[in-house]
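> Prediction below, plus the sequence it came from.
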Amino acid sequence: MLEVVSGRGNMGSEVLIEGQNLTKKYDDFAAVDKIDFQVYKGECCGFLGPNGAGKTTTIKMIHCVLPLASGTLTVAGMNVSEKPREIKSMIGVAPQESNLDPDFTVMQNLLVYARYFDIPKDDAFKCAEELLKFLQLEEKRDVIIDQLSTGMKRRLILARALINQPQILLLDEPTTGLDPQARHLIWDRIRSLRKQGVTIILTTHYMDEAAELCDRTLIMDNGKIIEEGVPTELIKKHVGEEVLELDYDDKVMRTLKDRFPEARLEVVSDRIRVFTTQPHGVFASFLEDFPTKGAAVRNANLEDVFLKLTGRKLRE
Amino acid sequence: MKTENRTARSFRIPELTYRVWKVWRRDFDVFMKTYKVNFFPPLLEPIFYLVALGFGLGIFVQSIEGYSYIKFIAPALVSISIMYSSFFECTYGSFVRMYFQKTFDAIITTPISIEEVIAGELLWGATRSLISATIVSAVVAAFGLISSPLYLLIPIIAFSAGLMFSAIAMCFTSLAPNIDFFNYPGFLFITPMFLLSGTFFPLTSLPQFMQILARAVLPLTHVVNLTRGLMFGNLEPTLLLSLVWIGVVTVVFFLLSINQMKKKLIK
């Protein structure tokens, strides 16, 4: 028990969401294939994976809109098949695609949505005003949805997901298609929500986003969870600390193999990438001995881990 | 064995709560945002029909069952407005909300279930019929074409028949792969009903087998029968038959449409 707590640093040890042997099938195709996972109270947990990996399907099962094929899934101790209304009332969902009501203004979108949760009108209004402030949308209060930019729509979707003051927030690709300014605003708000104790599950294709926000990530591929852990630890485990990149050349390749026999060499479009478990600085001393034009040493990142585990083949 | 299991699981009587009205209320709020545009067609359309068919064509038509032509078609106009408003609301309207606006997806992430969303849509379709029929009845009354106070019951008939047309429409929506699909029920179901349900000439003018067919499968026949009976104050036993026909068809299609839509949306 103690081990479990220390393993995850400062996060709580209470399991809030738990899937066991969770499966979702379409005919014979398993979109989610017997996965086991836990999400702990108060953490920000990232679901990563190529398109079609099963992330969105898993999320939809958590908020009770997709029935399970088999296995069990509980949220706050409640079974999703038995208590969908109770679970849905404690979750906020920001979907990938905008499903805001185009006939309504920004404010009306929040109020109509609040009504679905049985929130009294006055409370809903107060909460909506606060959320508009929180997401810098006060000036757009009475604007019809069509006239909002993509970034504003995403912020409004996040505001709408918070209208029921959820304990759990599900964010499906919250920053896809946004400019850096809008992206950073959303990141900042996600961090602040996490600080307030909201448990967050997020899917993303941006590895920098996952590394930035997530306490823990689960990497999915072909309906299975293939790896999970703290981003920095995953990087260390799978790709080491640094990566050397240089232009392809047979001679260079031989030298590298001599010098780093244990290293993983990857050649993609005339660039060689060298991954090693050796400590910081080995590449610098290699370049001192063999000065190579166009060579660069950079820190290993989550994208290296992702590509190593899920491959470079295009999906879809 | 496996398929048996699945059908047993998929067809069921939906559990509906008060939340149905929240979906209804959303549609109502949107309707009221553009109420000026929404109230005009049911106000103007019957006037065009009454002038063109009643005064224009009516001069050449002898009285039918003892009524002038304009009086004969007045209940038909009310019935047609009942049919059109709910049928189009729950085909094109619901399809746009479901497919283009993803409104249903947004609602089912709240404590409201998909069954309640569809039921709310059906009730809203019925309400559209009630609103249209009430306006059309008022226009018809203004033309002095009503001879019985029983016509005050028309809103109730409008809501019930509206619910029936909504449920039938929603079944088409559950089958629709795209929005153009609705041309088929439009031409093959709505247009024949518009013309052949005892609307603009008495059903008895049709060949015997077509009369039977119209009474058996064209819902509008029964709606026209009811509105005509109420507006003229002819309480015949056939009215009861029409009422039962509508009741049974409504229940069947109400349950069927909710189940079919659930199957379409939750996979």
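All right, it came through fine.
> When you work out contacts or count neighbours from here on, use the C-alpha atoms and nothing else.
Will do.
> residues touching the nearest residue to residue A:159 once chain neighbours are set aside, list them.
Leaving aside its chain neighbours, residue A:159 sits nearest to residue A:131 (5.6 Å; criterion: Cα to Cα, 6 or more residues apart in numbering or on different chains). Contacts for residue A:131 (Cα atoms under 8 Å, 6 or more residues apart in numbering or on different chains) come out as A:159, A:162-163.
> do you know how far residue A:131 is from residue A:137?
Distance of residue A:131 to residue A:137, computed by Cα to Cα, to the nearest Å: 8 Å.
> out of the contacts of residue A:131, which is most surrounded?
residue A:159 (25 neighbours; other Cα atoms under 10 Å in any protein chain shown).
> Check chain B for the residue nearest chain A and tell me.
Proximity of chain B to chain A (Cα to the nearest Cα) peaks at residue B:111, 4.5 Å away.
> Give me the neighbour count for residue 24.
Going with chain A. 24.
> please go with chain B instead
Residue B:24 has 21 neighbouring residues, counting by other Cα under 10 Å.
> for it, phi and psi?
For residue B:24, the backbone dihedrals (degrees, to the nearest 10) come out as phi -60, psi -40.
> Quick one: residues contacting it.
B:120-121, B:123-124.
> Now do it, the pLDDT please.
Note on residue B:24: pLDDT of 98.
> same question, the one 4 residues further on
Note for residue B:28: predicted pLDDT of 97.
> now it: how far from residue A:44?
39 Å.
> Settle it for me: which of these two has more neighbours?
Taking neighbours as other Cα under 10 Å, residue B:28 and residue A:44 compare with residue A:44 leading, 28 against 16.
> Nearest residue to that one in space, ignoring adjacent ones along the chain?
Once flanking residues are discounted, residue A:44 sits nearest to residue A:200: 4.5 Å by Cα to Cα, 6+ apart.
> Just confirm the one you found contacts residue A:169, I think it does.
Yes: with contact defined as Cα atoms under 8 Å, residue A:200 counts as touching residue A:169 (4.8 Å).
> Mind jotting down where the strands sit in chain A?
Applying DSSP state E to chain A gives strands spanning A:15-26, A:29-40, A:44-48, A:70-75, A:78-79, A:91-94, A:168-172, A:199-204, A:216-221, A:224-229, A:242-247, A:264-268, A:271-275, A:296-299.
> For residue A:112, see how far away residue B:132 is.
With Cα to Cα as the criterion, residue B:132 and residue A:112 are 25 Å apart.
> what's the answer for residue A:197, then?
Computed as Cα to Cα, the residue A:197 to residue A:112 distance reads 26 Å.
> more neighbours, these two?
residue A:112 (22 against 14).
> where's that one relative to residue B:107, distance?
For residue A:112 relative to residue B:107 (Cα to Cα), the value is 10 Å.
> Same question for residue A:310.
Residue A:310 is 35 Å from residue B:107, by Cα to Cα.
> tally of neighbours for residue B:93?
Residues within reach of residue B:93, counting by other Cα under 10 Å, total 16.
> Do you know the pLDDT at it?
pLDDT at residue B:93 comes out at 97.
> beta partners for the spatially closest residue to residue A:73 that is not a sequence neighbour?
Spatial nearest neighbour of residue A:73, excluding adjacent residues (Cα to Cα, 6+ apart): residue A:19 at 4.4 Å. Beta-bridge partners for residue A:19, by DSSP bridges, are residue A:37, residue A:73.
> Unless I'm misreading it, residue A:19 sits right up against residue A:76, doesn't it?
No: Residue A:19 lies out of contact with residue A:76 (Cα under 8 Å); the separation is 11.6 Å.
> Could you pull out the helices in the chain for me?
With no chain named, the answer covers chain A. Listed in chain order, the helices of chain A (DSSP state H) span A:2-7, A:55-62, A:84-89, A:106-116, A:121-134, A:150-161, A:180-195, A:207-213, A:231-239, A:250-259, A:282-289, A:302-310.
> hmm, I had chain B in mind actually
Using DSSP H, the helices of chain B run over residues B:2-10, B:20-33, B:35-49, B:69-88, B:94-95, B:103-108, B:114-142, B:154-175, B:183-185, B:191-196, B:208-217, B:219-232, B:237-265.
> pLDDT on the fourth one, on average?
This points to helix B:69-88. In this model, helix B:69-88 has an average pLDDT of 96.
> picking that back up, relative to chain B, which of the contacts of residue A:131 is nearest.
residue A:163 (10.7 Å).
> I figured the closest one hits residue A:127, correct?
Yes: the pair residue A:163 / residue A:127 is scored as a contact, 6.6 Å apart, by Cα under 8 Å.
> Leaving out sequence neighbours, find the closest residue to whichever residue of the stretch 1-150 of chain A sits closest to chain B.
Proximity of the stretch 1-150 of chain A to chain B (Cα to the nearest Cα) peaks at residue A:85, 4.5 Å away. Nearest residue to residue A:85, sequence neighbours excluded (Cα to Cα, 6+ apart): residue B:111, at 4.5 Å.
> Show me which residues of the stretch 151-267 of chain B are close to chain A?
Within the stretch 151-267 of chain B, the positions lying close to chain A (Cα under 8 Å from any Cα of the partner chain) are B:266-267.
> let's see 10 Å
Proximity of the stretch 151-267 of chain B to chain A, by Cα under 10 Å from any Cα of the partner chain, involves residues B:265-267.
> just the residues you listed: which has the poorest pLDDT?
residue B:267 (82).
> and the residue lying closest to that residue once chain neighbours are set aside, what is it in contact with?
The shortest distance from residue B:267 to any non-neighbouring residue, by Cα to Cα, 6+ apart, is to residue A:66 (6.8 Å). Residue A:66 makes contact with A:24, A:57-60, A:80-81, B:265-267, according to Cα atoms under 10 Å, 6 or more residues apart in numbering or on different chains.
> And residue A:214, by the same measure?
Residue A:214 touches A:43-47, A:191, A:200-202, A:208, A:229-231, counting by Cα under 10 Å, 6+ apart.
> Buried subset of those residues, written for ChimeraX?
Remark: buried members of the contacts of residue A:214, expressed as a ChimeraX selection using 16 or more other Cα atoms under 10 Å in any protein chain shown:
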select /A:43,44,45,46,47,191,200,201,202,229,230,231
